[in-house]
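Novice: I need the structure of the sequence given here:
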Amino acid sequence: KDSQQVGVRPLGIRHPLVSTIHRLAVSANREELSAFLEPQQLAMTLGGCTKLYTGVRMLLEARRDFYAVKLDCKNAFPSCFRARAIKVMSQEPSLQHLASHVATTLAAPTVLEDRGTRWGEAPEGFSQGEPWSNGNFCVSWQEMVVELDEDLRQAGGMARLIMDDAYGVGPADVLFPAIMRFEERIKRECGLVLQRTKCEVFSWSGVMPDNPIPGFTLAGTMVEDVFQPGFICVGAPIGTDEYVEAIMDVKVEELREEVMKVEAVLGEDKQGLWTILRSSFAHKLEYWLAMVHPSQVKKAAREVDKIFHSVLEK
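Specialist: You can find the predicted model right below:
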């Protein structure tokens, strides 16, 4: 059976020398890749997640009549046509020098093995963890991404991505037809399929538009028996204050449980507790602090401080 049939996502664990060579090639061409992919695709951009999150949130706050759609592709990396990446690089002047290298590395099917035993192969797609996979994947559907962004920009919206983590923002009458065209093109030209049941629609009103895409779900959660619209954008919440606070409460409780487990394992090992606090726990909230509005994250920050202080007291 191949990887598509058994539903796995092979990891690109190569010989360190091969990975090093590929990593150097990516590093040497990061500027060319970024120039080709920006501003829609921010996977190669310094601070890309922060730029995407802030841009999406600020646009939604400025245009509260807009909708946002979070798109999800089924097994995106293992499914994407390899030939598509080579075709794009061959036709793009700034990336033509990479086409031969990429074609060579993608020529043979990826062997899937476990402890030296071959159990299948992945004839298509890119292995997550392989240094070249991010660039190959992003390049493959960039033409469709640009088309989606241009359709939305004409109405004041935009499309922004971090690899296969895709977000579209705009008025409903423009956004949803554009996404359906995008869905059709990526399937035909890249072999990518949207998982409609995992695609979310956000609106400040908390209701779907009159003509939604079948299968798309409304983004949000119930907070004290009231539906609060919101969604997770590159790992951080966007939505009403109640939604964001509810999500942050969950994150704090996850951290609290993690601390309790560590304390139970380390017992009276004070040096061990201090090491874990300094090298791990102390950084748990930093990403959300950088992303979420201070007023929305203040309560969670206070609770995390209490958790840290309880470890210090021990």
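
Novice: can we go C-alpha only for contacts and neighbour counts from here?
Specialist: Noted.

Novice: Please name the spatially closest residue to residue 38 (chain neighbours excluded).
Specialist: Excluding the flanking residues, the one nearest residue 38 by C-alpha to C-alpha, 6 or more residues apart in numbering is residue 45, at 7.7 Å.

Novice: Which pLDDT value goes with the one you found?
Specialist: Per-residue pLDDT puts residue 45 at 93.

Novice: mind checking the SS state of it?
Specialist: coil (DSSP: H, G, I helix; E, B strand; the rest coil).

Novice: My read is that it contacts residue 35, right?
Specialist: No - in this structure residue 45 lies outside contact range of residue 35 using C-alpha atoms under 8 Å: 9.3 Å.

Novice: Give the residue from those two that has the larger number of neighbours.
Specialist: Taking other C-alpha atoms under 10 Å, residue 45 and residue 35 do not tie; residue 45 has more neighbours (18 against 13).

Novice: And the more buried one, how far from residue 314?
Specialist: Distance, residue 45 to residue 314, by C-alpha to C-alpha, to the nearest Å: 42 Å.

Novice: what bits of the chain have low per-residue confidence?
Specialist: Residues of the chain meeting the criterion pLDDT under 70: 1-14.

Novice: Could you find the residue nearest the spatial middle of it?
Specialist: Central residue of the chain (C-alpha atoms, centre = their mean): residue 165, 3.5 Å from the mean position.

Novice: bridging residues for that residue?
Specialist: Applying DSSP bridges to residue 165 gives these bridge partners: residue 162.

Novice: how about residue 232, secondary structure?
Specialist: strand.

Novice: residue contacts, the nearest residue to it once chain neighbours are set aside?
Specialist: In space, and not counting its chain neighbours, residue 232 is closest to residue 238: 6.2 Å by C-alpha to C-alpha, 6+ apart. Contact analysis of residue 238 by C-alpha atoms under 8 Å, 6 or more residues apart in numbering lists 57, 230-232, 244, 292.

Novice: how distant is whichever strand or helix holds residue 238 from the center of its chain?
Specialist: Assessed by DSSP states H and E, residue 238 sits inside strand 236-239. Offset of strand 236-239 from its chain centre (C-alpha atoms, centre = their mean, to the nearest Å): 14 Å.

Novice: Flag every buried residue along the helix or strand following that strand.
Specialist: Using DSSP H and E, the helix or strand that follows strand 236-239 in sequence is helix 241-266. Within helix 241-266, the residues that count as buried by 16 or more other C-alpha atoms under 10 Å are 241-249, 251-252, 255-256, 259, 263.

Novice: Residue 17: how many residues sit nearby?
Specialist: Neighbours of residue 17 using other C-alpha under 10 Å come to 9.

Novice: Before we go further, it is sitting in a helix, right?
Specialist: Yes - assessed with three-state DSSP, residue 17 lies in a helix.

Novice: related to what we said a few turns ago, could I get the CA-only coordinates of the strand holding residue 238 as CSV?
Specialist: C-alpha atoms of strand 236-239 as CSV (Å, rounded to 0.1, in the frame of the first residue of the first chain):
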residue,chain,number,x,y,z
ALA,A,236,-3.4,32.3,18.2
PRO,A,237,-7.1,33.2,18.6
ILE,A,238,-9.0,35.9,16.8
GLY,A,239,-12.6,36.8,17.7
